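# Coordinates only, no sequence provided:
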């Protein structure tokens, strides 16, 4: 998982200057020759029964955030996107940016020089046919077909849900007198599509029980592995564990395979009253730490990500309470962001909060054991290592209030 560099410390290798120069020159030439130059890919399409001026969006993932690559307005059913890419292969996302479209991220795999075509009928864009020479796309298409017609019905429910939310907060501007009625409607839509989501999951697992195991299969199965870890009483658990038995040792050695294995073999989520667990964490300078270093104080764990608005909004208040309770509380923020993005985001920010990261590149770790699937997620641990409180979410003043309640009369 870790990239480690080799060094020749303490060793002297005699070499004349000319030899060194030629060696360095050969390395530079080789690096230049093998460096991947960005190449353009194109996505062209024609869809029917989609209103003119419908806007679709192409995005790509950067860490745990989505970045817009381009927007395209559909006229006469025509779609066009183009971008450059230097990676061998990357998954982009197609999503809707207009009213009347479902809220969903449909995967599109791209690679340098790829020519990708889209065809389809209607506004349920996750059902559009996406064709290319990239095998992942065909695998995804087969998986989608295996979930019909329930998936199509579910997408229509997503359209209704998205429209109800936009009506409440855009058309009605979230006015207080409409909130109860608006949320009653939204929740009734969600209650109605719950059985459809379950039906789609059952069909996916039935298909995955015999489908070829490839990158798309593993990514999809990792969702089920996480789901049954989070919900150990899930009625899908027995099926998931049976399908898990299909994976070969080689498949389990892949990055996604390791994630699946961790979720399905890891000890259960810790709750209030349980003994804390520990792990290796890294500070911004790359030094390794453990929570055990903070023994003798209360510890407040804050699981967060830079792509989470409430997480970022909580930072000034977190700094405030970290200072207020510094004599008896260690406030530890544990980011799930990739190393480069984490360091870039925190660069130049002074704080009394301890900033650590497990640097797991998406693998489950302490966040999973402490149930930190939705961020921000907080866990308060007593000086003797017992979990005394867990909660999620942030609103202005909520950290002050929660710690005031929890730390009252505690020394």
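Perfect, thanks for sending it. Just so you know, these numbers come straight off a predicted model, no measurement behind them.
# So which residues of the protein form helices?
17-34, 135-146, 150-166, 176-208, 215-230, 237-244, 249-252, 255-265, 309-313, 315-324, 339-346, 366-369, 398-407 (DSSP state H).
# Highest mean neighbour count across the ones you listed, which stretch is it?
Neighbour counts (mean count of other Cβ atoms under 10 Å) averaged over each of the helices of the chain peak at helix 366-369, with a mean of 22. (C-beta placed from N, C-alpha, C; glycine too.)
# Return the residues in contact with residue 196.
Residues near residue 196 by Cβ atoms under 8 Å, 6 or more residues apart in numbering: 150, 153-154, 157.
# nearest spatial neighbour of it, skipping sequence neighbours?
The shortest distance from residue 196 to any non-neighbouring residue, by Cβ to Cβ, 6 or more residues apart in numbering, is to residue 154 (4.3 Å).
# check contacts around the residue positioned nearest the centre of the chain.
Nearest to the mean C-alpha position of the chain, by Cα atoms, centre = their mean, lies residue 64 at 4.8 Å. Contacts for residue 64 were tallied using Cβ under 8 Å, 6+ apart; they are 305-307, 336-337.
# at 10 Å what do you get?
305-308, 335-338, 341, 362, 375 (Cβ atoms under 10 Å, 6 or more residues apart in numbering).
# cool, and residue 305?
63-65, 311-312, 335-337, 341-342, 345, 367, 375-376.
# Kindly state the domain boundaries assigned to the chain.
As assigned by automatic domain parsing, the chain contains the domains 39-135, 154-265, 281-407.
# Go through those and name the closest to residue 143.
domain 154-265 (6.4 Å; Cβ to Cβ).
# what's the span of the closest one from first residue to last?
This stretch, domain 154-265, spans 32 Å end to end (Cα to Cα, to the nearest Å).
# before we move on, back to that, any chance of a markdown table for the helices of the chain, columns distance to residue 387 and mean pLDDT?
Converted to a markdown table, the helices of the chain look like this (distance: least, Cβ to Cβ, whole Å; pLDDT from 0 to 100):
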| stretch | distance to residue 387 | mean pLDDT |
| --- | --- | --- |
| helix 17-34 | 50 | 40 |
| helix 135-146 | 39 | 97 |
| helix 150-166 | 35 | 97 |
| helix 176-208 | 31 | 97 |
| helix 215-230 | 17 | 97 |
| helix 237-244 | 24 | 97 |
| helix 249-252 | 31 | 97 |
| helix 255-265 | 21 | 95 |
| helix 309-313 | 21 | 95 |
| helix 315-324 | 19 | 96 |
| helix 339-346 | 25 | 94 |
| helix 366-369 | 11 | 94 |
| helix 398-407 | 12 | 92 |
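# about what we covered before: ok, so of the contacts of residue 196, who is nearest residue 219?
For the contacts of residue 196, the nearest to residue 219 is residue 154 (19.4 Å; Cβ to Cβ).
# I'd say the closest one and residue 189 touch.
No. Contact criterion Cβ atoms under 10 Å: residue 154 and residue 189 do not qualify, at 11.3 Å.
# what about the residue nearest to residue 196, distance to residue 124?
Per Cβ to Cβ, to the nearest Å, residue 154 is found 10 Å from residue 124.
# Common neighbours of these two, please.
Counting by Cβ under 10 Å, 6+ apart, the residues touching both residue 154 and residue 124 are 102, 104.
# what sits against the closest residue to residue 158 other than its chain neighbours?
Spatial nearest neighbour of residue 158, chain neighbours left out: residue 102 (3.8 Å); criterion: Cβ to Cβ, 6+ apart. Shown in contact with residue 102 (Cβ under 10 Å, 6+ apart): 95-96, 123-127, 154-163.
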